[in-house]
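Trainee: Model the following, please.
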Amino acid sequence: MHQRPDLRGFISIDIEASGSHPGRYAMLSLGACSVVDPSSTFYAELQPTTLEFEPEAMAVHGLSLEHLQKEGMAPDQAMTAFADWIRQQAPSGYPPVFVAYNAVFDWMFVTEYFFRSLGRNPFGHTALDIRAVYFGLTHDPWRAIRFADLAARYLNSQQLTHHALEDAQLQAALLRAMLASGPPIQGGKA
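Mentor: The predicted structure follows:
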């Protein structure tokens, strides 16, 4: 019999950025929710640390660098508030675990901003990639695992909106649904 994992302290995160990596581009929005309770949320739109951008990145989310320069939260303020929120989400004895679909992308921005602002990352070095979880459960070919396919299987084909908070909540729902369904038969055929 399969036992459901304890997801206390697991936090689903999504970011939107002005480009492909934090060395040159800015994190523009950050959304997070508790995987256990997706109504417990954090969201911030950040002032850009640079005005450099990749047009294809900006087209995905539709955020405006000019608007965020005026209305966005200062990155140090946003990351301090995020660290405080994380501390409230992880009960004693449950270290926070960073969760995302394509975690490496979101992770690199979040950890860079935490180190710039706080000199540390409250997640330490723990990140869980939802795609990798599915790969481990099914052994499907890595290239064949796309978010749209997982959404069709577990979320009635709901798709990402590229609003960081909405996407974090959808990712949390996806992880819960995947784990609740139990280990599928080899090859992803349940």
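
Trainee: Who are the contact partners of the closest residue in space to residue 123 that isn't next to it in sequence?
Mentor: Excluding its sequence neighbours, the residue lying closest to residue 123 (C-beta to C-beta, 6 or more residues apart in numbering) is residue 98, at 4.4 Å. Placement of C-beta: from N, CA and C, glycine included. Residues near residue 98 by C-beta atoms under 8 Å, 6 or more residues apart in numbering: 11, 13, 106-107, 110, 123, 126-128.

Trainee: Bridge partners for residue 10, pull those for me.
Mentor: When bridges are called by DSSP bridges, residue 10 pairs up with residue 97.

Trainee: Over to residue 42?
Mentor: Bridge pairing for residue 42 - DSSP bridges - gives residue 32.

Trainee: if we take the contacts of residue 98, which one ends up nearest to residue 179?
Mentor: Nearest to residue 179 among these, counting by C-beta to C-beta, is residue 128 at 11.0 Å.

Trainee: Confirm that closest one sits in a strand?
Mentor: Yes - counting by DSSP: H, G, I helix; E, B strand; the rest coil, residue 128 falls inside a strand.

Trainee: Can you tell me the SS state at the closest residue to it other than its chain neighbours?
Mentor: By the measure of C-beta to C-beta, 6+ apart, the closest residue to residue 128 outside its immediate chain neighbours is residue 99, 4.7 Å from it. Three-state call for residue 99 (three-state DSSP): strand.

Trainee: 802 is where my numbering starts, stick with that
Mentor: All right, first residue 802 from here; so that's residue 900.

Trainee: Would you state the helices of the protein in chain order?
Mentor: 856-862, 866-872, 876-890, 904-919, 931-939, 948-955, 965-981 (DSSP state H).

Trainee: Next, the angle from the last one to helix 904-919.
Mentor: It refers to helix 965-981. Taking axes from the mean of the first three to the mean of the last three C-alpha atoms, to 10 degrees, one finds helix 965-981 and helix 904-919 inclined to each other by 130 degrees.
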